[in-house]
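Engineer: got a sequence here, can you build the structure:
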Amino acid sequence: MEWTGARYADTPTVEVGTWIDGTPEQVWSFVSDVALMPELSGELQTVRWNDGVTGPALGHTFVGRNRNDSLGEWETTSVIVEYEQPRVFGWAVGDPEEPSTSWRFTLEPENGGTRLTQWMRMGPGRSGLSFAIERMPEKEQKIVFVRLRDLERALTATVGGIKDRVEAAR
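Structural biologist: Alright, predicted model coming up:
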């Protein structure tokens, strides 16, 4: 990732993608399995569904417990805001009208397989990063850049892990 100079209020984004030798339906079963995500993430430790639901659907919520050496431990509640099987799976962290982050997987048929893209956006709502920026406002751009770089690595590992699982299951 190259330096962008973005500030948190710019709602910066990260996007990564890969081609997977599998149909969108095969990829979807892994993408929409939020319980799988802790296995693919160095930060997300656990996920549990709320309100007695056991799977994804528009409006369903889940709690993610996270851990990061620099940021500590925290829990977030996410709301599924996009659910178009097997094309788009997206969720907002916190208030869907003003999320702290937004996440999305997009699946598109491509060359007999699937193009899987994962995207995330910081803000516009407050997050744990907001507290770090308030403590060191002169370092805001560096704080945002370092977090975006970490997230880019994490997203790359996630789509790579999904690719490995889909192709191993064929």
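Engineer: please count neighbours and contacts with C-alpha atoms only from this point.
Structural biologist: Noted.
Engineer: contacts for the longest strand along the chain, please.
Structural biologist: Assignment by DSSP state E gives strand 72-84 as the longest strand of the chain. Outside strand 72-84, the residues within contact range by Cα atoms under 8 Å, 6 or more residues apart in numbering are 56-67, 88-94, 96, 104.
Engineer: with stretch 140-158 instead?
Structural biologist: Outside stretch 140-158, the residues that reach it (Cα under 8 Å, 6+ apart) are 1, 3-8, 13-17, 37, 40-42, 118-119, 129, 132-133.
Engineer: bridging residues for Asn66?
Structural biologist: Leu44, Trp74 (DSSP bridges).
Engineer: what's the neighbour count on it?
Structural biologist: 19 (other Cα atoms under 10 Å).
Engineer: show me what contacts Phe30?
Structural biologist: Contacts of Phe30 were listed using Cα under 8 Å, 6+ apart, and they are Leu36, Ile162, Arg165, Val166.
Engineer: how about 6 Å then?
Structural biologist: Applying Cα atoms under 6 Å, 6 or more residues apart in numbering, we find Phe30 in contact with no residue.
Engineer: so after the longest strand of the chain, what's the next helix or strand?
Structural biologist: For strand 72-84, the following helix or strand on the C-terminal side (DSSP states H and E) is strand 88-93.
Engineer: partner strands of that following strand, with direction?
Structural biologist: Assessed with DSSP bridges, strand 88-93 is paired to strand 72-84 (antiparallel), strand 101-110 (antiparallel).
Engineer: which one, of the ones you listed, ends up nearest to Glu25?
Structural biologist: strand 101-110 (9.1 Å; Cα to Cα).
Engineer: which of the three states applies to Leu148?
Structural biologist: helix (DSSP: H, G, I helix; E, B strand; the rest coil).
Engineer: which residue packs closest to the residue positioned nearest the centre of the chain, ignoring adjacent ones?
Structural biologist: Centroid-nearest residue in the chain: Trp103, 4.3 Å away (criterion: Cα atoms, centre = their mean). Distance criterion Cα to Cα, 6 or more residues apart in numbering; nearest residue to Trp103, sequence neighbours excluded, is Met120 at 4.4 Å.
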